[in-house]
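> missing the sequence, but the structure's below:
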């Protein structure tokens, strides 16, 4: 590929902003994972006011982004900025054996380890209930294999995972998309997802705190949207489908994974399931209401005749609009955070 050209002012502005050791170190760290101010101060060994001042300068220059999650904020590289390629080019040329960089990397690994321990604790508290549900349906591996086959291997630019949970869908398709975003309303699950993505070495994805009824993403931005085992927790799944459809680019696809209708009432009482599965007519009706064209579907039965077995269903729909060349030049980047 031909290397992009930059305006002289852009190059000068970027070099001015990062021409300071601490700011360069911060960019290097944020290229690895999202971090809070307190995590950055611990890694850098500097005061919070000093670190915050550096962050503000880079925010003003649009080299990084700030995402609020409750009472604390996460910082990440502004991957959608015009200067991002230039920043990445500089970062890859940093000598990893440099003593300061090596020490930063060691402290960053300590931060990641704490995240993994916190995620493990959360899993330990909830593993029994999740394992109980899994025992009623086919193995996750078989569901994922069928999902991969339905999605195909054609690369996409942007993927959105609604109710991302553990971040598994972002990990599973990380080689397919250019950049992925996961949204979840549970802060603990976001911690789990970040730990899992870090452990898997996924650098082209981020997760955000958000409501599936009011997505913190732009409209018409994503080539692929996945809703994996989420709809049965919602009191208004049709509204979530409409939100997902609004996030699709012309020609984009929405993939839903959930259960076929069943009679396991205890899932409602003990596991907060709002719906006991979905019929094809339900899902396809919601697709059409959202102005999507229903496509392929698959049913994966547990292979047992017992009444307590669940059938996993996968439904695919496509946005029938035709994308106009250069249409996205006038629209907001899919990576922008919408409050």
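Thanks, I have the structure now. Computed from a predicted structure; not experimentally measured.
> buried set for stretch 300-316?
300, 302, 309, 310, 311, 312, 313, 314, 315, 316 (16 or more other C-beta atoms under 10 Å). C-betas here are computed from N, CA, C, even on glycine.
> Give me the contact list for it.
By C-beta atoms under 8 Å, 6 or more residues apart in numbering, the surrounding residues in contact with stretch 300-316 are 133, 136-138, 142-143, 146-147, 150, 253-260, 262-264, 277-278, 280, 283-284, 287, 294-299.
> Let's see that with 7 Å instead.
For stretch 300-316, the surrounding residues in contact (C-beta atoms under 7 Å, 6 or more residues apart in numbering) are 136-138, 142-143, 146-147, 150, 253, 255-260, 262, 264, 283, 295-299.
> swap in stretch 272-286?
Outside stretch 272-286, the residues that touch it by C-beta under 7 Å, 6+ apart are 231-235, 237-238, 241, 256, 258-264, 267-268, 294, 297, 315.
> Give the residue spans of the stretch 201-339 of the chain that score low on pLDDT.
Where the stretch 201-339 of the chain drops to pLDDT under 70, the residues are 303-307, 325-331, 339.
> ok, the residue nearest to the spatial centre of the chain - contacts?
What sits nearest the mean C-alpha location of the chain, by C-alpha atoms, centre = their mean, is residue 182, with 2.2 Å. Taking C-beta under 7 Å, 6+ apart, we find residue 182 in contact with 161, 164, 167, 170, 193, 205, 207.
> and which of those residues is nearest residue 220?
For these, the closest approach to residue 220 (C-beta to C-beta) belongs to residue 161, at 17.6 Å.
> after the helix or strand hosting that closest one, next one along is what?
In this assignment (DSSP states H and E), residue 161 forms part of strand 156-162. Following strand 156-162 in sequence order, the next helix or strand is helix 168-172 (DSSP H and E).
> thought residue 101 was touching residue 94?
Yes: counting by C-beta atoms under 7 Å, residue 101 touches residue 94, with 6.1 Å between them.
> quick one: residue 109 from residue 33, how far?
10 Å (C-beta to C-beta, to the nearest Å).
> and if you look at residue 23?
17 Å.
> which residues in the stretch 201-339 of the chain form helices?
Listed in chain order, the helices found in the stretch 201-339 of the chain under DSSP state H, counting those that start in this stretch are 237-247, 266-271, 280-289.
> would CSV of those with distance to residue 40 and mean neighbour count be doable?
Output for these, formatted as CSV (distance: least, C-beta to C-beta, whole Å; neighbours: other C-beta atoms under 10 Å):
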stretch, distance to residue 40, mean neighbour count
helix 237-247, 31, 21
helix 266-271, 38, 13
helix 280-289, 43, 16
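> a markdown table for those helices, including distance to residue 5?
Listed next are these as a markdown table, based on distance: least, C-beta to C-beta, whole Å:
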| stretch | distance to residue 5 |
| --- | --- |
| helix 237-247 | 32 |
| helix 266-271 | 55 |
| helix 280-289 | 43 |
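> residues shared between the contacts of residue 101 and residue 94?
residue 28.
> looking at the helices of the stretch 201-339 of the chain, which is closest to residue 334?
helix 237-247 (8.4 Å).
> Would you mind getting the angle between the closest one and strand 156-162?
Interaxial angle of helix 237-247 relative to strand 156-162 (axes from the mean of the first three to the mean of the last three C-alpha atoms, to 10 degrees): 160 degrees.
> now helix 237-247: how far from the chain's centre is it?
17 Å (C-alpha atoms, centre = their mean, to the nearest Å).
> What of stretch 28-42?
Centroid separation between stretch 28-42 and its chain, computed with C-alpha atoms, centre = their mean, is 18 Å.
> Give me the buried positions along that stretch.
Result for stretch 28-42 [16+ other C-beta under 10 Å]: buried residues 28-35, 37, 39-42.
> What does the closest residue to residue 107 other than its chain neighbours show for phi and psi?
Excluding the flanking residues, the one nearest residue 107 by C-beta to C-beta, 6 or more residues apart in numbering is residue 43, at 4.2 Å. The phi/psi pair for residue 43 (degrees, to the nearest 10) reads phi -70, psi -40.
> what's the neighbour count on residue 43?
Other residues lying near residue 43 total 22 when counted by other C-beta atoms under 10 Å.
> pretty sure residue 66 contacts residue 59?
Yes: contact criterion C-beta under 7 Å: residue 66 and residue 59 qualify, at 6.0 Å.
> Now for residue 144: which residues touch it?
residue 172.
> What distance do you get for it to residue 231?
18 Å.
> Report the beta-bridge partner residues of residue 224.
Beta bridges link residue 224 to residue 159, residue 253, judged by DSSP bridges.
> Can you classify residue 116 by secondary structure?
Judged by DSSP: H, G, I helix; E, B strand; the rest coil, the three-state class of residue 116 is helix.
> Quick check: it vs residue 196, distance?
To residue 196, residue 116 is 9 Å away according to C-beta to C-beta.
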